[in-house]
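J.: Build me a structure from this.
(chains A, B and C)
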Amino acid sequence: MSPVIIVLVSVIYMGILFLIASLVEKGGSFIKRIVHNPITYSLSLAAYCTAWTFYGSVGRAATQGVGYLPIYLGPAIVAPILFVFLRKIILISKNQRITSIADFISSRYGKSSTLGVLVTIIALLGIIPYISIQLKAITLSFEILKSSDVLVDIGSKPFYYDSALYITIALTFFAIIFGTRNLDPNERHDGLVTAVAFESIVKLLAFLAVGIFVTFGIFDGFGDLFQKGSTLPDIERLFSIESVDISEGEWFGLIVISMAAFLFLPRQFHLAVVENTDSRFLSKASWIFPLYLLLINIFVIPIAVGGLYYFQGQNVEPDTFVLTLPLAMDHFRLAMLAALGGFSAASSMVIVAVLALSIMISNNLILPTFLKPRIWKNKNQGNLTSQLLGIRRVAIVVVLLLSYSYYKMIGNTYSLVSIGLISFTAIAQFVPAIIGGIYWKRATKSGAISGLVIGFVIWFITLPFPTLVESGLIKSNVLEQGFFGWPLLKPYALFGLEGLDEIVHSAFWSLLLNLAAFITVSLNSRPSQLEISQADLFVDIYKYRSGGGAEYEVFRRKAKIKDLELLLVRFLGEERTKVIMAKYALKHQLDFSKITTANADLVNYAEKHLTGAIGSASAKVIIRSIAKEEPISLEEMFNILDQTQEIIQYSRALELKSAELEKTTSQLRQANKQLKALDELKADFITTVTHELRTPITSIKALSKILQDNADLPESQQQEFLDIIVKESERITRLINQVLDLEKVQVKSPEDNQSVIDLASLVQQTLDGLQGVLEEKNVERQISLPEQPIWVKGNSDQLTQVIVNLLSNAVKFANPENGKLWIRLASKAEHAVLEIEDNGKGIPKKDKDLIFERFTQLNDQQLGKPKGSGLGLFICKTIIEQHQGQIFLGKSREKGANFVVQLPLTTSPFQTSKNEKKRVNNKNNSDP
Amino acid sequence: MYSKSYFMNKDKWQKLIGIFALAILLFNFPIVDLFSGKGRIFSMPLLYVYIFFSWALIILLTFWVSKTPKDKNQKNKDQ
Amino acid sequence: MQKGTTKSRVLIVDDEPNILVALEFLLNKEGYEVLKASNGLQALEIIEKQPPRIVVLDVMMPEMDGFEVARKIREEENNQDIHIIFLTAKGTDADRFEGYANGGEVYLTKPFDNEDFITTVNEVIEFGV
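T.: Have a look, this model is predicted:
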């Protein structure tokens, strides 16, 4: 077939993809609805099926039969619980604005930049071989199509003749165009996702077409195919597990690492989590995706069997059966379709994988290491968006170049599947840190780092390292002798474990020790404050998801709004910043022109948006440079000191400010407390009044109902009940009056109706008025009043009320057998002192202050229940205090209560007038 | 965005985990090994027929379990 | 248990004599034997000498409040059959809860309705609670 046609078809195909992507990105709500839907989502997940599936499955099936299946059974097994498990990861990622698997792990363990770097490096080293086999597959298919020869060798050509190089370049451009057109803070690429979903359809249809052609075109249906196949022992053996030599451990191990790979390969994480627009899609994806896997796998065995049968005796690479079978039958168009399918499988994987890796490289590797706060401080640098995109583009180029080099050096020595499985095993190292991270709060950063490092090292020495040795890149005899000459450290038989497939062997040791280190170190290390809060947030995401993480943030960070804005503009661009800030202002009803300091919530909000653009670790470092937060590690402290003096001064100023703020806050808190106390008092008052009202009303209501219902009651009883009703009604009236009095006293200012009064005559008058009551109670009185008037300034009605209250209390509580009262009035120094004492039981010490509070009644059993409202003494106290006086309990002669009232003396109202009279008289005298 | 009625009930949750457990059982030793060997159904190897049949069964079960409450939800919305 | 043979005995406890008057009248009319106490200690003394079927308890009383009286009643092994009805002006949910927590079985608030009160007492005597 002419290479021109092949290139042309490929270019047209890419053009279609690009058209789809740009249509979607520009598209209106209708197109969005097609894109944001569970089917597109499920199809995008099918990026799991790469060129390895397309070509390699058949190859592996041809040698291992059923052994190719665990790679697909793993995802199929995990699919039913996607909604249970992956949903949690999606909710966390949305809440935390996580944009990659490195971000996820780093964010969980206290936004650790170390972990971000570690995960990125593992992913990078793990994925590069994987990308290289895609390059290999595309190149192989291209060469086969071009020569139309089923036996091609693609290994030995100078690089400028090498179609792999041109394919790599084309894919690089493609990835850059798709993945780095603009910087979306959420790393959403609708166009890309749709293109990937479309490619999934293409590869499925292409594979099904070849499968149907082989099964029903070359053979006469499944029955015929298997029957003919069974006649050859090489094929017959594929139909049982024993004869293909797969152990239980291998089978299970492959299932486990493929589960991990399906969920945590950077591209799978990107498509399943970061690009997910609605976690409800998982519900449908949990059956659509395995259905897709089932369909694409149905014809793997038939194609393998068909190829082996058809090409028996020839040395045709089983990895190429999908292409070579149609070619051998001279079906060029079908071969072209198959190649296109393989290309779509490879390209979708490559594009998403390098995009995901470039995000990780720029956000977790480059930014935290090289950028630090300096970059935004430098005001000449303008918008950082383009710089970030530049970093991404460079990262894409570097990743693809590395993959190309790996392919050139090693790619030809190994089959597609074995290289792919090396990648899977690397990715499986993330499992303990992730699963532990979302279900186990005790997991710590140190634990995660230890696990990852140990797992990674073991993976490296047991898988990629031996491939380097075997391909001759490294000259060494460790494969036979073991590291340091120890037989226990043989890469393929670590610690003496032999007889396992090398992948499962590596997975077993690396995961076992990874998990052991993760758990042991976690249990023996102390998490930082931030780790604890992140752990809580990740594990209990269902609790926090509605509120966002903001109110949960343990740090009280503050920053200048100006700085915050400046920083956002640098990384997100002017327009987005405006929108983001406006949104916040609207939500919280703030006016940014009036406030200068951003609170913790706003700082967190800004950090979240920044995290979307540059990853959590970088965002943390950069935000920290402008926001004050505790605590800062020693290393970071040095970094900050390293910056200019300006920053130090600035942070001092911030400290001062926050101290001021704290002061204001405590003042406010104090005021608030007082207000609350007042409020409680008022509520108390109302409850008590209502209770005091209820008691008489109860009697009145019950008795009047009795009277109403029992017309035949004897007259005496009727009379008794009526008397009670009248008395209780009076009680209510009294209570209401006193409440009103109280209101009056409290509302009136003391200056109203004040005049100079002679307290002595006021007491005398009151005693005269109460004569009748006192006589009736038969209380002995000892009264000592001065002969001269005692002048005080005040309201005579109110003061009379005080005297009446005190006297009636005294009468009430005086000893019922031989009641005695002492009433004394005298002037002492600046004060008029009135004492009213009884010989009752007195007032217990503990109640001394209490009795002047409203509604305190002396409920002492021996005293019996006083029939008062509980307001009397409170009213007295209020009145006396308004007269600048005091009322308290004084010492008593006997046991009884001695109420003492002190009022300030004033000058006699007649003094001046007498003088005036004198003067008048003098005048008169001098002027006869 | 998430209506309250949508929250997966415990029942559904447990069913899905049950299917997951069933899948682990069906697709692993020793059960897989039972079907290995010379058995044929319509001259197709028993092992493949078994695996793909179980696979379809798991998908069907998942479809069934995850579908039902969703439909109810839809009806409620439409009313 | 005693129903039919002797008239059931009801103890009413309230520090408001006028309320006692009303309650006594209502219960007498219904045929109950009425005992009265104006505070908690008195009530407990009476219960020891002449255990009633029902105690109608006010809550806000001097010295010992109704909740405490109820608690004391329940402490005695012999008193488990006595039904306690709170009749009080304290009407919040918290009060109600405290009433039940302290062994009360019915919680009525003041001012009460005569018929409600009598019906409640009758029902408690008839069916228990």
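
J.: Kindly tell me how buried residue A:102 is, as a neighbour count.
T.: 33 (other CB atoms under 10 Å in any protein chain shown). From N, CA and C alone the C-beta is placed, and that goes for glycine too.

J.: That one and residue A:112 touch, don't they?
T.: No: contact criterion CB atoms under 8 Å: residue A:102 and residue A:112 do not qualify, at 10.5 Å.

J.: Could you look up the SS state of the residue of the stretch 351-500 of chain A found nearest chain C?
T.: Per CB to the nearest CB, residue A:441 is where the stretch 351-500 of chain A lies closest to chain C, at 35.7 Å. Following DSSP: H, G, I helix; E, B strand; the rest coil, the label given to residue A:441 is coil.

J.: worst-scoring helix or strand of chain C, pLDDT-wise?
T.: Least confident helix or strand, chain C: helix C:93-101 with a mean of 82, by mean pLDDT, DSSP states H and E.

J.: Report all helices and strands that the helix or strand that comes right after that one contacts.
T.: Using DSSP states H and E, the helix or strand that follows helix C:93-101 in sequence is strand C:106-109. Applying 3 or more CB pairs under 8 Å, 6 or more residues apart in numbering or on different chains; DSSP states H and E, one finds that strand C:106-109 contacts strand C:83-88, helix C:93-101, helix C:114-127.

J.: most tightly surrounded among these?
T.: Comparing these by mean neighbour count (mean count of other CB atoms under 10 Å in any protein chain shown), strand C:83-88 ranks first with a mean of 24.

J.: mean confidence for it?
T.: For strand C:83-88, mean pLDDT rounds to 91.

J.: Same question for stretch A:512-526.
T.: 92.

J.: gap between that stretch and the chain center?
T.: 25 Å (CA atoms, centre = their mean, to the nearest Å).

J.: Low-confidence ranges, chain B, go.
T.: B:1-10, B:38, B:68-79 (pLDDT under 70).

J.: near chain A, which residues of it show up?
T.: By CB under 8 Å from any CB of the partner chain, the residues of chain B that approach chain A are B:1-2, B:6, B:8, B:13, B:16-17, B:19-20, B:23-24, B:27-30, B:32-33, B:36-38, B:40, B:42-45, B:47-48, B:51-52, B:55-56, B:58-63, B:65-66, B:70.

J.: Recalculate using a threshold of 6 Å.
T.: Within chain B, the positions near chain A by CB under 6 Å from any CB of the partner chain are B:16, B:19-20, B:23-24, B:27-29, B:33, B:36-37, B:42-45, B:47-48, B:55, B:59, B:62-63, B:66.

J.: ditto for chain C
T.: Residues of chain C lying close to chain A by CB under 6 Å from any CB are C:15, C:16, C:18, C:19, C:22, C:25, C:62, C:63, C:89, C:110, C:111, C:114.

J.: and of those, the nearest to chain B?
T.: Distances from chain B to the residues of chain C next to chain A, taken by CB to the nearest CB, are shortest for residue C:89, at 41.9 Å.

J.: List the residues that contact the closest one.
T.: A:691, A:694, C:110 (CB atoms under 6 Å, 6 or more residues apart in numbering or on different chains).

J.: Would you tell me what helix or strand the first one is located in?
T.: Element membership of residue A:691 [criterion: DSSP H and E] is helix A:645-709.

J.: could you give the mean pLDDT of that helix?
T.: 76.

J.: which secondary structure elements does it contact?
T.: Packing partners of helix A:645-709 (3 or more CB pairs under 6 Å, 6 or more residues apart in numbering or on different chains; DSSP states H and E): helix A:715-747, helix C:17-29.

J.: Spell out which parts of the stretch 301-450 of chain A neighbour chain B.
T.: Going by CB under 6 Å from any CB, the residues of the stretch 301-450 of chain A near chain B are residue A:301.

J.: Under a three-state scheme, what state does residue A:593 occupy?
T.: Counting by three-state DSSP, the backbone at residue A:593 sits in coil.

J.: Please tell me how far it sits from residue A:569.
T.: According to CB to CB, to the nearest Å, residue A:593 stands 17 Å off from residue A:569.

J.: go on, residue A:54?
T.: 46 Å.

J.: Pull the number of nearby residues for the residue of the stretch 351-500 of chain A closest to chain C.
T.: 17.

J.: neighbouring contacts of the strand or helix carrying residue B:12?
T.: For residue B:12, the enclosing helix or strand under DSSP H and E is helix B:10-26. Applying CB under 6 Å, 6+ apart, the external contacts of helix B:10-26 come out as A:77, A:80, A:81, A:84, B:54, B:58, B:61, B:62, B:65.

J.: residue in the stretch 701-850 of chain A nearest to chain B?
T.: With CB to the nearest CB, the shortest gap between the stretch 701-850 of chain A and chain B falls at residue A:701, namely 47.1 Å.

J.: how close does the spatially closest residue to residue A:886 that is not a sequence neighbour get to chain C?
T.: The shortest distance from residue A:886 to any non-neighbouring residue, by CB to CB, 6 or more residues apart in numbering or on different chains, is to residue A:902 (4.7 Å). Separation of residue A:902 from chain C (CB to the nearest CB, to the nearest Å) stands at 32 Å.

J.: Number of residues surrounding residue A:902?
T.: Residue A:902 - counted by other CB under 10 Å - has 19 other residues nearby.

J.: quick one: contacts for it?
T.: Applying CB under 6 Å, 6+ apart to residue A:902 gives the contacts A:831, A:833, A:885, A:886.

J.: For the second one, give its distance to residue A:89.
T.: Residue A:833 sits 81 Å away from residue A:89, taking CB to CB as the criterion.

J.: ok, residue A:309 touching residue A:231?
T.: No: with contacts counted by CB atoms under 6 Å, residue A:309 stays clear of residue A:231, the gap being 8.5 Å.

J.: neighbour-wise, which of residue A:54 and residue A:569 wins?
T.: residue A:54 (31 against 20).

J.: Contacts only, for the more buried one.
T.: A:342, A:345.

J.: Look at it and report its pLDDT.
T.: Residue A:54 is given a pLDDT of 88.

J.: out of everything not next to it in sequence, what's closest to residue 27?
T.: All of this refers to chain A. residue A:35 (7.6 Å).

J.: ah, no, chain C please
T.: residue C:34 (4.8 Å).

J.: looking at this, the one you found is in a helix?
T.: No: assigned with three-state DSSP, residue C:34 falls outside any helix and is strand.

J.: Would you check that it makes contact with residue C:22?
T.: No: at 11.5 Å, residue C:34 and residue C:22 do not qualify as touching, with contact defined as CB under 6 Å.

J.: So which of those two has more stuff around it?
T.: In terms of neighbours (other CB under 10 Å), residue C:22 is the more surrounded of residue C:34 and residue C:22; the figures are 26 against 19.

J.: Tell me who's in contact with that one.
T.: Per CB under 6 Å, 6+ apart, neighbours of residue C:22: A:699, A:702, A:703.

J.: Please produce JSON lines containing these, extended by neighbour count.
T.: Converted to JSON lines, the contacts of residue C:22 look like this (neighbours: other CB atoms under 10 Å in any protein chain shown):
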{"residue": "A:699", "neighbour count": "27"}
{"residue": "A:702", "neighbour count": "26"}
{"residue": "A:703", "neighbour count": "24"}
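
J.: So residue A:898 sits against residue A:888, correct?
T.: No: at 9.5 Å, residue A:898 does not count as touching residue A:888 under the criterion of CB under 6 Å.

J.: Going by how many neighbours each has, rank these two and give me the top one.
T.: residue A:898 (20 against 14).
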